[in-house]
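S.K.: what's the 3D shape of this:
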Amino acid sequence: MNTDSSRCPGDELYNHLIKNGRLPLEKTRKIFAQLCGAVAYVHQKSCVHRDLKLENILLDKHENV
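M.R.: Below you'll find the predicted structure:
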């Protein structure tokens, strides 16, 4: 699957953590909640993501998943 990086002009969560270090607790909670929502949505559509890892989580320019 190809992605259009213009739709997500931020970076991978992995790169963000390497560059900026640990996330504050509130940002961590926000990202975790967004990830849970995204996984729930995908599961409702009878799809699964078999490779969830930091490199596969994209952030937008506002640090949203």
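S.K.: for this protein, which helix is longest?
M.R.: For the chain, the helix with the greatest residue count under DSSP state H is helix 25-44.
S.K.: quick one: low-confidence parts of the chain?
M.R.: Where the chain drops to pLDDT under 70, the residues are 1-8.
S.K.: geometric centre of it: which residue is closest?
M.R.: What sits nearest the mean C-alpha location of the chain, by CA atoms, centre = their mean, is Ile57, with 3.2 Å.
S.K.: and the residue nearest to that one when sequence neighbours are not counted, how far is that from Lys61?
M.R.: Using CB to CB, 6 or more residues apart in numbering and skipping the chain neighbours, the partner closest in space to Ile57 is Leu13 (4.1 Å). The C-beta positions use only the backbone N, C-alpha and C, and glycine is treated the same way. Per CB to CB, to the nearest Å, Leu13 is found 14 Å from Lys61.
S.K.: show me which of these two is the more surrounded one.
M.R.: Leu13 (20 against 9; other CB atoms under 10 Å).
S.K.: pretty sure the more buried one is touching Leu59, no?
M.R.: Yes. Using CB atoms under 8 Å, Leu13 makes contact with Leu59 at a distance of 6.0 Å.
S.K.: shared neighbours, these two?
M.R.: Val65 (CB atoms under 8 Å, 6 or more residues apart in numbering).
S.K.: buried ones in stretch 27-45?
M.R.: Neighbour counts over stretch 27-45 (16 or more other CB atoms under 10 Å) mark Ile31 as buried.
S.K.: scratch that, stretch 9-21 is what I was asking about
M.R.: Going by 16+ other CB under 10 Å, stretch 9-21 has these buried residues: Gly10, Asp11, Glu12, Leu13, His16.
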